[in-house]
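Chemist: mind looking at a prediction? Sequence and model below.
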There are 2 protein chains.
Amino acid sequence: MLTFSISEENHIKAIYHLQHGDQSVSTNQLAAELNTKPASITDMMKKLKAKKIIHYEAYKGFKLTPEGRKTALMIIRRHRLWEYFLSEKLQFSWDEVHEVAEELEHVSNEKLINKLDEFLDFPRFDPHGDPIPDASGKIEISRQIALSELAINKVAVVCNVKDQSADMLDLLNHKSIALGTKLEVKKKFDFDGSLELKIGKQPLINISRQLAENIYVKI
Amino acid sequence: MLTFSISEENHIKAIYHLQHGDQSVSTNQLAAELNTKPASITDMMKKLKAKKIIHYEAYKGFKLTPEGRKTALMIIRRHRLWEYFLSEKLQFSWDEVHEVAEELEHVSNEKLINKLDEFLDFPRFDPHGDPIPDASGKIEISRQIALSELAINKVAVVCNVKDQSADMLDLLNHKSIALGTKLEVKKKFDFDGSLELKIGKQPLINISRQLAENIYVKI
DNA sequence: TAATATTTTTAGACAAATCTAAATAAATAA
DNA sequence: TTATTTATTTAGATTTGTCTAAAAATATTA
Ligand SMILES: [Mn+2]
Ligand SMILES: [Mn+2]
Ligand SMILES: [Mn+2]
Ligand SMILES: [Mn+2]
(Lines give C-alpha, C1' and ligand atoms only; values in the text may rest on other atoms or scores of the structure.)
(Ligands and ions follow the chains in the order given, each with its own letter.)
Protein backbone atom coordinates (compact mmCIF):
# COMPACT_ATOMS: atom_id res chain seq x y z
CA MET A 1 0.00 0.00 0.00
CA LEU A 2 1.23 3.45 -1.05
CA THR A 3 2.60 5.55 1.79
CA PHE A 4 3.29 9.25 1.97
CA SER A 5 5.88 11.45 3.63
CA ILE A 6 4.77 14.20 5.99
CA SER A 7 5.50 16.75 3.29
CA GLU A 8 3.51 14.84 0.69
CA GLU A 9 0.58 14.61 3.10
CA ASN A 10 0.68 18.34 3.76
CA HIS A 11 0.62 19.02 0.02
CA ILE A 12 -2.25 16.58 -0.61
CA LYS A 13 -4.34 18.11 2.16
CA ALA A 14 -3.66 21.66 0.97
CA ILE A 15 -4.73 20.79 -2.58
CA TYR A 16 -7.96 19.33 -1.22
CA HIS A 17 -8.73 22.52 0.69
CA LEU A 18 -7.87 24.79 -2.23
CA GLN A 19 -9.95 22.75 -4.68
CA HIS A 20 -13.16 23.74 -2.91
CA GLY A 21 -14.98 20.86 -4.48
CA ASP A 22 -13.67 20.54 -8.00
CA GLN A 23 -11.71 23.65 -8.94
CA SER A 24 -8.24 23.29 -10.40
CA VAL A 25 -5.39 24.56 -8.19
CA SER A 26 -2.41 26.62 -9.39
CA THR A 27 1.26 26.44 -8.51
CA ASN A 28 1.31 29.90 -6.92
CA GLN A 29 -1.83 29.27 -4.90
CA LEU A 30 -0.41 26.14 -3.37
CA ALA A 31 2.97 27.77 -2.74
CA ALA A 32 1.22 30.58 -0.86
CA GLU A 33 -0.89 28.14 1.17
CA LEU A 34 2.14 26.13 2.26
CA ASN A 35 4.61 29.01 2.70
CA THR A 36 6.91 27.55 0.14
CA LYS A 37 8.23 28.58 -3.30
CA PRO A 38 6.58 27.84 -6.66
CA ALA A 39 9.64 25.89 -7.82
CA SER A 40 9.27 23.53 -4.88
CA ILE A 41 5.61 22.98 -5.74
CA THR A 42 6.47 21.98 -9.30
CA ASP A 43 8.91 19.38 -7.98
CA MET A 44 6.35 17.97 -5.58
CA MET A 45 3.58 17.92 -8.20
CA LYS A 46 5.74 15.74 -10.42
CA LYS A 47 6.13 13.32 -7.58
CA LEU A 48 2.42 13.28 -6.73
CA LYS A 49 1.57 12.79 -10.39
CA ALA A 50 3.89 9.77 -10.53
CA LYS A 51 2.05 8.39 -7.50
CA LYS A 52 -1.29 8.98 -9.29
CA ILE A 53 -2.51 11.33 -6.58
CA ILE A 54 -3.13 14.29 -8.89
CA HIS A 55 -3.94 15.01 -12.51
CA TYR A 56 -1.26 17.37 -13.76
CA GLU A 57 0.07 18.72 -17.04
CA ALA A 58 2.80 21.35 -17.01
CA TYR A 59 1.37 24.89 -16.91
CA LYS A 60 -2.19 23.58 -16.48
CA GLY A 61 -2.77 23.38 -12.72
CA PHE A 62 -3.71 20.26 -10.80
CA LYS A 63 -6.60 18.37 -9.25
CA LEU A 64 -6.76 15.36 -6.98
CA THR A 65 -7.56 12.01 -8.55
CA PRO A 66 -10.23 9.91 -6.78
CA GLU A 67 -7.36 8.13 -5.03
CA GLY A 68 -5.89 11.51 -4.03
CA ARG A 69 -9.21 12.71 -2.70
CA LYS A 70 -9.54 9.62 -0.56
CA THR A 71 -6.03 10.11 0.80
CA ALA A 72 -6.80 13.75 1.61
CA LEU A 73 -9.99 12.80 3.43
CA MET A 74 -8.12 10.31 5.60
CA ILE A 75 -5.58 12.97 6.60
CA ILE A 76 -8.41 15.37 7.37
CA ARG A 77 -10.17 12.65 9.35
CA ARG A 78 -7.08 12.18 11.50
CA HIS A 79 -6.61 15.93 11.89
CA ARG A 80 -10.16 16.60 13.02
CA LEU A 81 -10.43 13.59 15.31
CA TRP A 82 -7.30 14.71 17.12
CA GLU A 83 -8.67 18.26 17.34
CA TYR A 84 -11.81 16.88 18.91
CA PHE A 85 -9.76 14.77 21.33
CA LEU A 86 -7.62 17.72 22.38
CA SER A 87 -10.61 19.93 22.91
CA GLU A 88 -12.95 17.42 24.52
CA LYS A 89 -10.58 15.25 26.57
CA LEU A 90 -7.56 17.44 27.24
CA GLN A 91 -9.36 20.76 27.65
CA PHE A 92 -7.46 22.58 24.94
CA SER A 93 -9.21 25.73 23.78
CA TRP A 94 -10.44 25.65 20.19
CA ASP A 95 -7.73 28.04 18.99
CA GLU A 96 -4.91 25.82 20.33
CA VAL A 97 -5.92 22.50 18.78
CA HIS A 98 -4.99 23.12 15.17
CA GLU A 99 -1.24 23.45 15.62
CA VAL A 100 -0.93 20.19 17.55
CA ALA A 101 -3.29 18.31 15.21
CA GLU A 102 -1.08 19.46 12.34
CA GLU A 103 1.54 17.05 13.69
CA LEU A 104 -0.65 14.28 15.07
CA GLU A 105 -2.42 13.92 11.71
CA HIS A 106 0.71 12.32 10.25
CA VAL A 107 0.67 9.31 12.56
CA SER A 108 -1.15 7.04 10.19
CA ASN A 109 -2.01 3.81 11.93
CA GLU A 110 -5.50 2.80 10.86
CA LYS A 111 -6.38 0.95 14.03
CA LEU A 112 -5.27 3.95 16.10
CA ILE A 113 -7.63 6.28 14.28
CA ASN A 114 -10.61 3.94 14.25
CA LYS A 115 -10.22 3.17 17.94
CA LEU A 116 -9.83 6.88 18.70
CA ASP A 117 -13.01 7.56 16.74
CA GLU A 118 -14.83 4.95 18.80
CA PHE A 119 -13.35 6.24 22.07
CA LEU A 120 -14.62 9.73 21.21
CA ASP A 121 -18.04 8.30 20.38
CA PHE A 122 -17.88 8.99 16.64
CA PRO A 123 -18.01 12.79 16.72
CA ARG A 124 -19.39 14.37 13.54
CA PHE A 125 -17.81 17.81 13.84
CA ASP A 126 -14.45 19.11 15.04
CA PRO A 127 -14.15 22.03 17.50
CA HIS A 128 -14.28 24.49 14.59
CA GLY A 129 -17.55 23.05 13.31
CA ASP A 130 -15.94 21.27 10.38
CA PRO A 131 -17.30 17.80 9.55
CA ILE A 132 -15.19 14.74 10.33
CA PRO A 133 -14.98 12.14 7.52
CA ASP A 134 -15.94 8.62 8.64
CA ALA A 135 -13.73 5.54 8.28
CA SER A 136 -14.82 5.09 4.67
CA GLY A 137 -14.07 8.73 3.81
CA LYS A 138 -17.66 9.89 3.72
CA ILE A 139 -18.06 13.50 4.80
CA GLU A 140 -21.16 15.54 5.57
CA ILE A 141 -21.73 18.71 3.64
CA SER A 142 -21.73 21.29 6.36
CA ARG A 143 -24.67 23.68 6.42
CA GLN A 144 -22.52 26.57 7.42
CA ILE A 145 -22.39 29.99 5.78
CA ALA A 146 -20.26 33.07 6.32
CA LEU A 147 -21.78 35.48 8.81
CA SER A 148 -21.62 38.08 6.04
CA GLU A 149 -24.20 35.98 4.14
CA LEU A 150 -26.61 35.56 7.02
CA ALA A 151 -30.06 37.07 6.48
CA ILE A 152 -31.27 39.78 8.82
CA ASN A 153 -33.09 38.72 11.99
CA LYS A 154 -32.24 35.04 11.61
CA VAL A 155 -30.72 33.43 14.71
CA ALA A 156 -27.57 31.42 14.02
CA VAL A 157 -24.74 29.81 15.98
CA VAL A 158 -21.04 30.47 15.44
CA CYS A 159 -19.48 27.17 14.39
CA ASN A 160 -16.30 27.98 12.59
CA VAL A 161 -13.67 30.64 12.12
CA LYS A 162 -11.63 30.67 8.96
CA ASP A 163 -8.58 32.73 9.82
CA GLN A 164 -7.22 31.79 13.22
CA SER A 165 -4.38 34.25 13.58
CA ALA A 166 -3.66 35.66 17.01
CA ASP A 167 -4.92 39.07 15.81
CA MET A 168 -8.20 37.55 14.73
CA LEU A 169 -8.67 35.69 17.99
CA ASP A 170 -7.87 38.81 19.96
CA LEU A 171 -10.58 40.68 18.11
CA LEU A 172 -13.13 37.89 18.59
CA ASN A 173 -12.32 37.79 22.25
CA HIS A 174 -12.82 41.50 22.56
CA LYS A 175 -16.22 41.28 20.88
CA SER A 176 -17.21 38.29 23.06
CA ILE A 177 -17.71 36.06 20.04
CA ALA A 178 -16.77 32.42 20.49
CA LEU A 179 -17.74 29.04 19.09
CA GLY A 180 -21.30 28.33 20.08
CA THR A 181 -22.25 31.98 20.45
CA LYS A 182 -25.86 32.61 19.36
CA LEU A 183 -26.30 35.78 17.36
CA GLU A 184 -28.52 37.69 14.98
CA VAL A 185 -27.74 40.30 12.32
CA LYS A 186 -29.86 43.40 12.96
CA LYS A 187 -28.51 45.68 10.22
CA LYS A 188 -26.18 45.57 7.22
CA PHE A 189 -24.40 48.68 5.97
CA ASP A 190 -23.91 48.53 2.22
CA PHE A 191 -21.29 51.26 2.23
CA ASP A 192 -18.56 49.18 3.91
CA GLY A 193 -20.29 45.84 4.47
CA SER A 194 -20.14 46.22 8.23
CA LEU A 195 -22.83 44.58 10.37
CA GLU A 196 -24.69 45.30 13.56
CA LEU A 197 -25.12 42.20 15.71
CA LYS A 198 -27.26 41.20 18.59
CA ILE A 199 -25.70 38.74 21.01
CA GLY A 200 -27.96 37.67 23.85
CA LYS A 201 -29.05 40.64 25.90
CA GLN A 202 -25.96 42.74 25.33
CA PRO A 203 -26.16 46.10 23.59
CA LEU A 204 -25.80 45.81 19.79
CA ILE A 205 -22.23 45.56 18.54
CA ASN A 206 -20.67 46.40 15.21
CA ILE A 207 -18.23 44.26 13.21
CA SER A 208 -16.40 44.85 9.94
CA ARG A 209 -17.12 43.02 6.69
CA GLN A 210 -13.66 41.49 6.92
CA LEU A 211 -14.46 39.92 10.25
CA ALA A 212 -17.94 38.82 9.13
CA GLU A 213 -16.46 37.00 6.15
CA ASN A 214 -14.23 34.98 8.45
CA ILE A 215 -16.89 33.88 10.90
CA TYR A 216 -19.04 30.92 9.92
CA VAL A 217 -22.39 30.14 11.41
CA LYS A 218 -24.71 27.16 11.34
CA ILE A 219 -28.36 27.93 10.56
CA MET B 1 15.15 26.22 22.63
CA LEU B 2 17.00 23.38 20.90
CA THR B 3 14.81 21.12 18.81
CA PHE B 4 15.49 17.68 17.40
CA SER B 5 14.58 15.80 14.26
CA ILE B 6 12.81 12.45 14.51
CA SER B 7 16.06 10.71 13.63
CA GLU B 8 18.00 12.64 16.25
CA GLU B 9 15.36 11.74 18.85
CA ASN B 10 15.54 8.06 17.96
CA HIS B 11 19.32 8.15 18.36
CA ILE B 12 19.17 9.96 21.70
CA LYS B 13 16.64 7.52 23.09
CA ALA B 14 18.62 4.50 21.89
CA ILE B 15 21.80 5.79 23.53
CA TYR B 16 19.89 6.22 26.79
CA HIS B 17 18.67 2.63 26.69
CA LEU B 18 22.09 1.22 25.78
CA GLN B 19 23.84 3.19 28.51
CA HIS B 20 22.06 1.20 31.20
CA GLY B 21 22.83 3.87 33.73
CA ASP B 22 26.29 5.14 32.97
CA GLN B 23 28.04 2.76 30.57
CA SER B 24 29.67 4.16 27.47
CA VAL B 25 28.02 3.16 24.16
CA SER B 26 29.90 2.05 21.03
CA THR B 27 29.30 2.87 17.38
CA ASN B 28 28.52 -0.73 16.43
CA GLN B 29 26.16 -1.23 19.37
CA LEU B 30 24.11 1.79 18.40
CA ALA B 31 24.13 0.84 14.72
CA ALA B 32 22.76 -2.59 15.61
CA GLU B 33 20.09 -1.12 17.88
CA LEU B 34 18.85 1.27 15.20
CA ASN B 35 19.25 -1.05 12.20
CA THR B 36 21.61 1.35 10.54
CA LYS B 37 25.29 1.35 9.53
CA PRO B 38 28.27 2.34 11.70
CA ALA B 39 29.23 5.10 9.25
CA SER B 40 25.81 6.70 9.72
CA ILE B 41 26.23 6.58 13.49
CA THR B 42 29.55 8.41 13.31
CA ASP B 43 27.89 11.18 11.27
CA MET B 44 25.03 11.50 13.72
CA MET B 45 27.33 11.45 16.77
CA LYS B 46 29.20 14.44 15.36
CA LYS B 47 25.94 16.29 15.11
CA LEU B 48 24.80 15.33 18.61
CA LYS B 49 28.16 16.34 19.99
CA ALA B 50 27.84 19.76 18.35
CA LYS B 51 24.44 20.09 20.02
CA LYS B 52 26.02 19.15 23.35
CA ILE B 53 23.80 16.09 23.73
CA ILE B 54 26.64 13.60 24.07
CA HIS B 55 30.27 13.45 25.18
CA TYR B 56 32.22 12.01 22.28
CA GLU B 57 35.82 11.65 21.15
CA ALA B 58 36.60 9.71 17.98
CA TYR B 59 37.13 5.99 18.65
CA LYS B 60 36.13 6.37 22.30
CA GLY B 61 32.40 5.72 22.43
CA PHE B 62 29.79 8.14 23.73
CA LYS B 63 27.61 9.00 26.71
CA LEU B 64 24.74 11.40 27.14
CA THR B 65 25.47 14.75 28.77
CA PRO B 66 23.07 15.81 31.54
CA GLU B 67 21.21 17.80 28.87
CA GLY B 68 21.09 14.69 26.66
CA ARG B 69 19.79 12.56 29.49
CA LYS B 70 17.02 15.03 30.14
CA THR B 71 16.08 15.06 26.47
CA ALA B 72 16.03 11.25 26.38
CA LEU B 73 13.80 11.13 29.44
CA MET B 74 11.29 13.48 27.84
CA ILE B 75 11.11 11.29 24.73
CA ILE B 76 10.64 8.22 26.92
CA ARG B 77 7.99 10.07 28.91
CA ARG B 78 6.03 10.75 25.71
CA HIS B 79 6.51 7.19 24.49
CA ARG B 80 5.29 5.56 27.68
CA LEU B 81 2.37 7.93 28.24
CA TRP B 82 1.11 7.18 24.75
CA GLU B 83 1.56 3.46 25.35
CA TYR B 84 -0.52 3.78 28.48
CA PHE B 85 -3.17 5.77 26.62
CA LEU B 86 -3.37 3.21 23.82
CA SER B 87 -3.66 0.34 26.23
CA GLU B 88 -5.95 1.94 28.79
CA LYS B 89 -8.23 4.11 26.67
CA LEU B 90 -8.16 2.54 23.22
CA GLN B 91 -7.98 -1.10 24.29
CA PHE B 92 -4.79 -1.90 22.41
CA SER B 93 -3.11 -5.06 23.65
CA TRP B 94 0.26 -4.55 25.31
CA ASP B 95 2.15 -6.01 22.35
CA GLU B 96 0.58 -3.55 19.87
CA VAL B 97 1.30 -0.30 21.68
CA HIS B 98 5.02 0.02 21.11
CA GLU B 99 4.95 0.44 17.34
CA VAL B 100 2.39 3.25 17.43
CA ALA B 101 4.08 4.99 20.38
CA GLU B 102 7.29 4.94 18.37
CA GLU B 103 5.65 7.54 16.13
CA LEU B 104 3.54 9.44 18.64
CA GLU B 105 6.60 10.05 20.83
CA HIS B 106 7.91 12.55 18.28
CA VAL B 107 5.00 14.97 18.63
CA SER B 108 6.68 17.24 21.12
CA ASN B 109 4.21 19.77 22.39
CA GLU B 110 4.75 20.19 26.10
CA LYS B 111 1.20 21.14 26.94
CA LEU B 112 -0.07 18.12 25.02
CA ILE B 113 2.01 15.73 27.08
CA ASN B 114 1.30 17.31 30.43
CA LYS B 115 -2.44 17.41 29.77
CA LEU B 116 -2.34 13.82 28.56
CA ASP B 117 -0.53 12.86 31.76
CA GLU B 118 -3.26 14.56 33.78
CA PHE B 119 -6.04 12.99 31.69
CA LEU B 120 -4.54 9.55 32.34
CA ASP B 121 -4.32 10.33 36.07
CA PHE B 122 -0.53 10.45 36.22
CA PRO B 123 0.22 6.78 35.59
CA ARG B 124 3.54 5.60 37.02
CA PHE B 125 4.13 2.57 34.78
CA ASP B 126 3.52 1.84 31.13
CA PRO B 127 1.80 -1.38 29.95
CA HIS B 128 5.16 -3.19 29.95
CA GLY B 129 5.82 -2.28 33.57
CA ASP B 130 8.40 0.38 32.72
CA PRO B 131 8.35 3.55 34.83
CA ILE B 132 7.08 6.80 33.26
CA PRO B 133 9.27 9.88 33.92
CA ASP B 134 7.33 12.80 35.40
CA ALA B 135 7.19 16.31 33.90
CA SER B 136 10.51 17.21 35.48
CA GLY B 137 12.20 14.06 34.17
CA LYS B 138 12.26 12.19 37.44
CA ILE B 139 11.96 8.44 36.99
CA GLU B 140 11.42 5.67 39.51
CA ILE B 141 13.98 2.92 39.68
CA SER B 142 11.91 -0.08 38.84
CA ARG B 143 12.34 -3.04 41.15
CA GLN B 144 12.11 -5.48 38.34
CA ILE B 145 14.48 -8.37 37.70
CA ALA B 146 14.74 -10.99 35.01
CA LEU B 147 12.75 -14.13 35.79
CA SER B 148 16.04 -16.03 35.45
CA GLU B 149 17.27 -14.15 38.56
CA LEU B 150 14.22 -14.80 40.69
CA ALA B 151 14.88 -16.82 43.87
CA ILE B 152 13.10 -20.14 44.32
CA ASN B 153 9.66 -20.09 45.98
CA LYS B 154 9.29 -16.30 45.85
CA VAL B 155 6.01 -15.08 44.32
CA ALA B 156 6.45 -12.39 41.65
CA VAL B 157 4.37 -10.66 38.98
CA VAL B 158 5.27 -10.47 35.30
CA CYS B 159 5.66 -6.78 34.47
CA ASN B 160 7.79 -6.56 31.40
CA VAL B 161 8.98 -8.51 28.39
CA LYS B 162 12.21 -7.51 26.74
CA ASP B 163 11.99 -9.02 23.27
CA GLN B 164 8.56 -8.54 21.74
CA SER B 165 8.93 -10.41 18.49
CA ALA B 166 5.93 -12.32 17.17
CA ASP B 167 7.74 -15.60 17.92
CA MET B 168 8.27 -14.58 21.51
CA LEU B 169 4.67 -13.53 21.97
CA ASP B 170 3.47 -16.76 20.42
CA LEU B 171 5.50 -18.72 22.93
CA LEU B 172 4.27 -16.64 25.87
CA ASN B 173 0.75 -17.14 24.75
CA HIS B 174 1.21 -20.86 24.53
CA LYS B 175 2.58 -20.95 28.07
CA SER B 176 -0.24 -18.71 29.36
CA ILE B 177 2.18 -16.08 30.55
CA ALA B 178 1.02 -12.47 30.26
CA LEU B 179 1.59 -9.13 31.96
CA GLY B 180 0.24 -9.38 35.49
CA THR B 181 0.62 -13.14 35.71
CA LYS B 182 1.61 -14.25 39.24
CA LEU B 183 4.21 -16.99 39.33
CA GLU B 184 6.80 -18.78 41.39
CA VAL B 185 10.00 -20.64 40.44
CA LYS B 186 9.91 -24.13 41.87
CA LYS B 187 13.16 -25.53 40.45
CA LYS B 188 16.21 -24.36 38.47
CA PHE B 189 18.21 -26.78 36.30
CA ASP B 190 21.85 -25.77 36.24
CA PHE B 191 22.58 -27.88 33.18
CA ASP B 192 20.67 -25.68 30.70
CA GLY B 193 19.31 -22.90 32.92
CA SER B 194 15.71 -24.00 32.34
CA LEU B 195 13.12 -23.37 35.05
CA GLU B 196 10.06 -25.07 36.43
CA LEU B 197 7.29 -22.59 37.18
CA LYS B 198 4.11 -22.62 39.16
CA ILE B 199 1.32 -20.43 37.81
CA GLY B 200 -1.81 -20.41 39.95
CA LYS B 201 -3.22 -23.89 40.28
CA GLN B 202 -2.04 -25.19 36.92
CA PRO B 203 0.37 -28.09 36.72
CA LEU B 204 4.03 -26.99 36.79
CA ILE B 205 5.42 -25.82 33.45
CA ASN B 206 8.93 -25.65 32.10
CA ILE B 207 10.58 -22.72 30.30
CA SER B 208 14.02 -22.26 28.73
CA ARG B 209 16.74 -20.02 30.11
CA GLN B 210 16.41 -17.89 26.97
CA LEU B 211 12.76 -17.21 27.69
CA ALA B 212 13.41 -16.63 31.40
CA GLU B 213 16.01 -13.99 30.58
CA ASN B 214 13.46 -12.07 28.54
CA ILE B 215 10.67 -12.03 31.08
CA TYR B 216 10.87 -9.42 33.83
CA VAL B 217 9.03 -9.64 37.12
CA LYS B 218 8.31 -7.24 39.95
CA ILE B 219 8.99 -8.57 43.46
C1' DT C 1 55.87 -7.65 19.86
C1' DA C 2 54.44 -8.55 15.31
C1' DA C 3 50.63 -10.14 12.64
C1' DT C 4 45.85 -10.33 12.28
C1' DA C 5 41.19 -9.15 13.18
C1' DT C 6 37.83 -5.91 14.54
C1' DT C 7 36.02 -1.37 15.11
C1' DT C 8 35.57 3.14 13.76
C1' DT C 9 36.14 6.91 10.78
C1' DT C 10 36.64 9.17 6.27
C1' DA C 11 35.62 9.87 1.45
C1' DG C 12 32.46 10.11 -1.77
C1' DA C 13 27.72 9.07 -3.49
C1' DC C 14 22.63 9.36 -3.41
C1' DA C 15 17.62 10.50 -2.45
C1' DA C 16 14.36 13.81 -0.47
C1' DA C 17 12.92 18.32 0.13
C1' DT C 18 13.88 22.64 -0.25
C1' DC C 19 15.92 27.09 -2.27
C1' DT C 20 17.54 31.04 -5.87
C1' DA C 21 18.18 32.60 -10.40
C1' DA C 22 17.31 32.09 -15.10
C1' DA C 23 14.48 30.47 -18.95
C1' DT C 24 10.14 29.74 -20.93
C1' DA C 25 5.16 29.69 -21.42
C1' DA C 26 0.77 31.90 -20.83
C1' DA C 27 -2.06 35.80 -19.95
C1' DT C 28 -2.96 40.68 -20.34
C1' DA C 29 -2.64 45.26 -22.07
C1' DA C 30 -1.42 48.59 -25.41
C1' DT D 1 -1.23 41.41 -32.62
C1' DT D 2 2.77 42.71 -30.55
C1' DA D 3 4.74 44.00 -26.15
C1' DT D 4 4.72 43.54 -21.44
C1' DT D 5 3.67 41.34 -17.25
C1' DT D 6 2.80 37.32 -14.60
C1' DA D 7 3.00 32.40 -13.78
C1' DT D 8 5.43 28.27 -14.19
C1' DT D 9 9.19 25.38 -15.02
C1' DT D 10 14.11 24.21 -15.35
C1' DA D 11 18.88 24.28 -13.84
C1' DG D 12 21.78 24.03 -10.40
C1' DA D 13 22.77 24.41 -5.34
C1' DT D 14 22.09 23.16 -0.30
C1' DT D 15 20.82 20.48 3.87
C1' DT D 16 19.67 16.21 6.15
C1' DG D 17 20.13 11.53 6.63
C1' DT D 18 21.57 7.65 4.84
C1' DC D 19 24.70 4.30 2.20
C1' DT D 20 29.22 1.59 0.35
C1' DA D 21 34.00 1.06 0.04
C1' DA D 22 38.37 2.19 1.62
C1' DA D 23 41.51 3.93 5.16
C1' DA D 24 42.95 4.33 9.80
C1' DA D 25 42.88 3.23 14.62
C1' DT D 26 42.44 -0.06 18.16
C1' DA D 27 42.19 -4.63 20.07
C1' DT D 28 43.38 -9.47 19.97
C1' DT D 29 46.18 -13.42 19.08
C1' DA D 30 50.14 -15.90 18.02
MN1 LIG E 1 0.52 18.60 8.93
MN1 LIG F 1 -10.46 22.12 12.57
MN1 LIG G 1 10.56 6.79 17.40
MN1 LIG H 1 6.90 0.32 26.92
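Modeler: Done, it's in. Ligands and ions are numbered 1, 2, ... in the order given.
Chemist: relative to residue A:180, how far out is residue A:11?
Modeler: Distance of residue A:11 to residue A:180, given as C-beta to C-beta, to the nearest Å: 33 Å. The C-beta positions use only the backbone N, C-alpha and C, and glycine is treated the same way.
Chemist: so where's the longest helix in chain A?
Modeler: As assigned by DSSP state H, the longest helix anywhere in chain A is helix A:66-88.
Chemist: that helix close to chain B?
Modeler: Yes - applying C-beta under 8 Å from any C-beta of the partner chain, one finds helix A:66-88 in contact with chain B at residue A:86.
Chemist: so which elements touch that helix?
Modeler: Judged by 3 or more C-beta pairs under 8 Å, 6 or more residues apart in numbering or on different chains; DSSP states H and E, the packing partners of helix A:66-88 are helix A:6-19, helix A:97-104, helix A:110-119.
Chemist: ok, residue A:11 and residue A:180, which is more surrounded?
Modeler: When residue A:11 is set against residue A:180 and neighbours are counted by other C-beta atoms under 10 Å in any protein chain shown, the residue ahead is residue A:11, at 26 against 12.
Chemist: once you drop chain neighbours, what's closest to that one?
Modeler: Counting by C-beta to C-beta, 6 or more residues apart in numbering or on different chains, residue A:11 lies nearest to residue A:44, which is 5.3 Å off, once chain neighbours are set aside.
Chemist: the one you found in helix, strand or coil?
Modeler: helix (DSSP: H, G, I helix; E, B strand; the rest coil).
Chemist: measure it to chain B for me?
Modeler: From residue A:44 over to chain B the distance is 20 Å, taken as C-beta to the nearest C-beta, to the nearest Å.
Chemist: contacting residues for that residue?
Modeler: Contact analysis of residue A:44 by C-beta atoms under 8 Å, 6 or more residues apart in numbering or on different chains lists A:7-8, A:11.
Chemist: check residue A:200 too.
Modeler: residue A:182.
Chemist: at 10 Å what do you get?
Modeler: A:176, A:181-184 (C-beta atoms under 10 Å, 6 or more residues apart in numbering or on different chains).
Chemist: try residue A:129
Modeler: Contacts for residue A:129 were tallied using C-beta under 10 Å, 6+ apart; they are A:94, A:142, A:144, A:157-161, A:179-180, A:216-218.
Chemist: right, is stretch A:1-11 up against DNA strand C?
Modeler: Yes - Stretch A:1-11 is in contact with DNA strand C by C-beta under 7 Å from any atom of the strand, via A:5, A:7-8.
Chemist: assign residue A:216 to helix, strand or coil.
Modeler: strand.
Chemist: in space, what's closest to it - neighbours in sequence excluded?
Modeler: residue A:160 (3.6 Å).
Chemist: residues from chain A in reach of DNA strand D?
Modeler: A:26-29, A:38-39, A:41-43, A:45-46, A:56, A:58-61.
Chemist: contact partners for residue A:28?
Modeler: Counted by C-beta under 10 Å, 6+ apart, residue A:28 has contacts A:37-38, A:41.
Chemist: outline the domain layout of chain A.
Modeler: Domains of chain A are assigned by automatic domain parsing as A:6-64, A:144-218.
Chemist: just so I know, which of those lies nearest residue B:133?
Modeler: domain A:6-64 (26.6 Å; C-beta to C-beta).
Chemist: pLDDT of the closest one, averaged?
Modeler: Averaged across domain A:6-64, pLDDT comes to 97.
Chemist: anything in that domain near ligand 2?
Modeler: No - Domain A:6-64 does not reach ligand 2 (C-beta under 5 Å from the ion); its nearest approach is 11.0 Å.
Chemist: ok, now stretch A:121-141?
Modeler: Yes - shown here: stretch A:121-141 in contact with ligand 2 (C-beta under 5 Å from the ion) through A:126, A:128, A:130.
Chemist: contacts only, for the residue most central in space within chain A.
Modeler: In chain A, the residue lying closest to the centroid (C-alpha atoms, centre = their mean) is residue A:130, at 6.4 Å. Contact analysis of residue A:130 by C-beta under 10 Å, 6+ apart lists A:76, A:79-80, A:83, A:139-140, A:142, A:144, A:159-160, A:216.
Chemist: and if you look at residue A:214?
Modeler: Residues near residue A:214 by C-beta under 10 Å, 6+ apart: A:146-148, A:160-165, A:168, A:171-172, A:207-208.
Chemist: can you select the buried ones among those for me in ChimeraX?
Modeler: Remark: buried members of the contacts of residue A:214, expressed as a ChimeraX selection using 16 or more other C-beta atoms under 10 Å in any protein chain shown:
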select /A:147,148,160,161,164,168,171,172,207
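Chemist: okay if I get the contacts of residue A:214 as CSV plus pLDDT?
Modeler: Below are those laid out as CSV (pLDDT from 0 to 100):
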residue, pLDDT
A:146, 92
A:147, 95
A:148, 93
A:160, 83
A:161, 86
A:162, 83
A:163, 80
A:164, 76
A:165, 81
A:168, 89
A:171, 93
A:172, 92
A:207, 95
A:208, 96
